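Participant: The sequence and its predicted three-dimensional model are supplied below.
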Amino acid sequence: MNRKRNFLCFLLACLLLILPVSAHAEGSETPDEPAASIALSASSELGVAEGSLNLNCKSAILMEAETGTILYAQNAEESLPPASVTKIMTLLLIMEAVDSGSIHLTDTVTVSANAASMGGSQVYLKEGEQMLLEDLLKSIVIASANDAAVALAEYLCGSVPTFVERMNERAQQLGMAGTHFENATGLDDTAENHLTSARDIALMSRALIAHPTILKYSSIWMDTIRNGAFGLTNTNRLVRFYPGCTGLKTGSTSKAGFCVSVTAKRENLSLICVIMGAESRDVRNAAAASLLDWGFANFGLYRAEAGECGPMKVTGGSDDECPLTYGAFACVLPKEKLGKVTREEVYPASMAAPIEKDSEVGAVVYRVGEEEIGRVPILAPTAVPRMDFFGILRRMVEAFLLV
């Protein structure tokens, strides 16, 4: 009799396993909305007033590179002539092509008459001259060579107009709403609507430095091409004189004034500083150094690595438990808050099967005091299907044999 009673009890338990069960255990907590990874914080959210530093330029922006957080903005949405800072987009398209394998640093490029005719900053390419793609790339990054930029634009797309079309397409993809390119160099003596904004320059700068090779070149102070016969000196003096500077691109014309996008890193904080429309090179560099100093003095990067939590109990599933994982998290904070971050894993004690692979079941929530600073989703990395009839039957038989 006891054996039958035990068997009937087990049968009832198995039937209950396949009935729908609430996904939330009593006393458990789930997020009110889908968990996000890294939210971009506006400067106002960090307690910084728009333009409060009164930099001596038409527009400026300071962005943290890893998260894209805006730390400071001064008239950053206004579309202005960018001069040779344009070449950040030129370089981005080239580096994307190099890293995708469609072109190579070891390729030999033959210079066209059009490329050789470019004025302004140049490395004096001659029509028919052949040069390694890497040397042309260095000439653009270090010396801001217009002839090298056109040579590579033609090499990649066949013509400059086609290359410019791709520049504008890529700008749209990056969300550069205030940008329209007319050429690959930034020369604006005949340009009518060649414009971008400090915000947009920061966006394309962030995309460019995601290709580590570019920082190898942009951090060089002096180099040579043509087997050492022609010297290159970086147009960005901050590379030599500002601690932590790694690049990125300068520009100046009578229309644009003096512009720069500067990248710098100290400890684990990487910053992108854009200055547009300064009245001189020294004023531009001073404004950039001042804004970078302010950023490094006041902010730091909080970073938490990816990990595992749980496991979470599963009812009515082919498995009784499900492992849980979560991704990395990064957030820019005022330095005084860096040591005050707390984290909480929020997910139900149990869920009913089926559970789909990579489904979101909760979140790791990060706070400073009562303020939530961000969250990352907790995921089920493996699927847990609902127990089928044969699974129930197998468990019944196993239990009966053990009675």
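Facilitator: Looks like it arrived, so ask away.
Participant: Show me the domain layout of this protein.
Facilitator: As assigned by automatic domain parsing, the chain contains the domains 19-41+305-386, 55-299.
Participant: And those domains, which one averages the lowest pLDDT?
Facilitator: Among these, domain 19-41+305-386 carries the lowest mean pLDDT, at a mean of 81.
Participant: what does the longest helix belonging to the chain contact?
Facilitator: Longest helix in the chain, counting residues (DSSP state H): helix 281-298. Helix 281-298 has contacts (C-beta atoms under 8 Å, 6 or more residues apart in numbering) with 53, 55-57, 60, 62, 64, 71-72, 237-238, 242, 244, 250, 252, 257-260, 262, 264, 266, 269, 271, 273, 275, 278, 334-335. The C-beta positions use only the backbone N, C-alpha and C, and glycine is treated the same way.
Participant: Name the residues of that helix that are buried.
Facilitator: Buried positions in helix 281-298, judged by neighbour count with 16 or more other C-beta atoms under 10 Å: 283-292, 294-296, 298.
Participant: Ok, stretch 310-317 next?
Facilitator: Buried residues in stretch 310-317, counted by 16+ other C-beta under 10 Å: 310, 312, 314-317.
Participant: cool, and stretch 357-374?
Facilitator: 361-366, 368, 373-374.
Participant: Switch these over to a markdown table; also include distance to Ala145.
Facilitator: Shown next, in a markdown table, are the buried residues of stretch 357-374 (distance: C-beta to C-beta, whole Å):
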| residue | distance to Ala145 |
| --- | --- |
| Val361 | 54 |
| Gly362 | 53 |
| Ala363 | 49 |
| Val364 | 48 |
| Val365 | 50 |
| Tyr366 | 45 |
| Val368 | 47 |
| Ile373 | 44 |
| Gly374 | 42 |
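Participant: Restricted to strands, list those.
Facilitator: Those of these mapping onto strands are 361-366, 368, 373-374, per DSSP state E.
Participant: Just the helices from the stretch 151-300 of the chain, written as ranges.
Facilitator: For the stretch 151-300 of the chain, the helices defined by DSSP state H, counting those that start in this stretch occupy 160-173, 198-208, 212-218, 238-241, 281-298.
Participant: I'd assumed Leu174 was in contact with Asn204.
Facilitator: To be clear, residue 204 is Met; Asn isn't right here. Yes. Between Met204 and Leu174 there is a contact at 6.0 Å, judged by C-beta atoms under 8 Å.
Participant: any common contacting residues for those two?
Facilitator: Counting by C-beta under 8 Å, 6+ apart, nothing touches both Met204 and Leu174.
Participant: These two: who's more crowded?
Facilitator: Per other C-beta atoms under 10 Å, whichever of Met204 and Leu174 has more neighbours is Met204, with 25 against 16.
Participant: For that one, give its distance to Thr190.
Facilitator: Distance, Met204 to Thr190, by C-beta to C-beta, to the nearest Å: 23 Å.
Participant: again, but for Met312
Facilitator: 64 Å.
Participant: do Asp320 as well
Facilitator: Relative to Thr190, Asp320 is positioned 72 Å away (C-beta to C-beta).
Participant: Please say which of these two ends up with more neighbours.
Facilitator: Taking neighbours as other C-beta under 10 Å, Asp320 and Thr190 compare with Asp320 leading, 15 against 8.
Participant: my guess is the more buried one contacts Ser350, does it?
Facilitator: No. In this structure, Asp320 is not within contact of Ser350 by C-beta under 8 Å, at 9.8 Å.
Participant: what touches both of these two?
Facilitator: With C-beta under 8 Å, 6+ apart as the test, Asp320 and Ser350 both reach 313-314.
Participant: For the stretch 301-403 of the chain, which segments are assigned as strands?
Facilitator: Taking DSSP state E, counting those that start in this stretch, the strands of the stretch 301-403 of the chain run over residues 307-315, 321-326, 329-334, 341-346, 350-352, 359-368, 371-380.
Participant: and Ser159, which of those is closest to it?
Facilitator: Checking the strands of the stretch 301-403 of the chain against Ser159 by C-beta to C-beta gives strand 329-334 as the closest, at 40.8 Å.
Participant: Just give me how far stretch 220-235 sits from the chain centre.
Facilitator: With C-alpha atoms, centre = their mean, to the nearest Å as the basis, stretch 220-235 stands 30 Å off its chain's centre.
Participant: start at 59 instead
Facilitator: I'll keep to 59 as the first residue from here, and by that count the last item is stretch 278-293.
Participant: List of residues touching it?
Facilitator: By C-beta under 8 Å, 6+ apart, the residues outside stretch 278-293 that reach it are 142, 179, 181-182, 189, 193, 196-197, 199-202, 276, 297-298, 308.
Participant: Drop anything exposed from the residues you listed.
Facilitator: Buried by 16+ other C-beta under 10 Å: 142, 179, 181, 189, 193, 196-197, 199-202, 276, 297, 308, out of the contacts of stretch 278-293.
Participant: Relative to His238, which of those is nearest.
Facilitator: Among the buried ones among the contacts of stretch 278-293, Ser142 lies closest to His238 (C-beta to C-beta), at 16.6 Å.
Participant: Tell me, how many residues neighbour Phe357?
Facilitator: By other C-beta under 10 Å, 22 other residues sit near Phe357.
Participant: try the one 10 residues further on
Facilitator: Other residues near Cys367 come to 14 when the count uses other C-beta under 10 Å.
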